[in-house]
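In: What follows is a predicted structure for the sequence shown.
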Amino acid sequence: MKNQNSTLKIDGIDKEILRNLMEDARRPILEIARKVGISGAAIHQRLRKLEASGLIAGSKFVIDPKVLGYKTMAFVGVYLDKAVSNPKAVKQLQEIPEVIECHYTTGNWSIFIKILCKDNEHLMNVLNKDIQAIEGVSRTETFISLDQQIDRQIKI
């Protein structure tokens with residue numbers, strides 16, 4: 001694994017390979033090789049190097065939650081009664097399938113989470129029955145996302 005304090009150096013070919021795969025992770029390696037002008041074997045070798053460096057953290061299919069009926073996205077600031085409650089609270093948040101991100105933050109909240117629900121009633125149930133029932137949670141502050149206007153990765 002690459003030392004987190006140093007910056008990985010990648011060249012133009014690496015960037016072109018990454019851009020192609022970030023756009024479509026299922027794009028055939030040979031198609032990328034033709035575009036970039038190197039062999040498929042060279043692409044595989046470069047990808048192994050980038051994976052070993054920690055830059056590439058895997059690949060995945062992206063599911064559109066709206067197709068499954070999850071139409072309400074919310075961000076919830078979670079206030080804990082004391083900082084030592086954090087590990088226990090996070091462990092319990094992991095058990096709630098609607099919680100899709102959890103961040104330890106600076107600022108007003110101890111924890112900031114992103115949740116997906118089918119509708120506002122579902123959201124209210126998750127907040128009242130699941131999240132606010134966690135030991136150590138003193139209160140929550142909820143922000144419903146009306147529309148996600150930007151969704152991207154870091155530019156390469």
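Out: Structure received.
In: List the buried residues for the strand or helix carrying residue 73?
Out: Using DSSP states H and E, residue 73 maps to strand 72-80. For strand 72-80, the neighbour count (16 or more other C-beta atoms under 10 Å) marks 72-78, 80 as buried. For every residue, glycine as well, the C-beta is placed using N, CA and C.
In: Would you mind listing the outside residues contacting it?
Out: Residues from elsewhere that reach strand 72-80, judged by C-beta atoms under 8 Å, 6 or more residues apart in numbering: 65, 86, 89, 108-120, 122-123, 127, 131, 136-145, 148.
In: just stretch 20-38 next, same as before
Out: For stretch 20-38, using C-beta under 8 Å, 6+ apart, the contacting residues are 13, 16-17, 39-40, 42-44, 59-60, 153, 156.
In: For it, buried residues please.
Out: 20-22, 29, 32-33, 36, 38.
In: Out of those residues, flag the one nearest to residue 104.
Out: residue 22 (27.0 Å; C-beta to C-beta).
In: Which element, helix or strand, includes that closest one?
Out: helix 12-23.
In: for residue 102, same thing?
Out: Per DSSP H and E, residue 102 falls inside strand 99-104.
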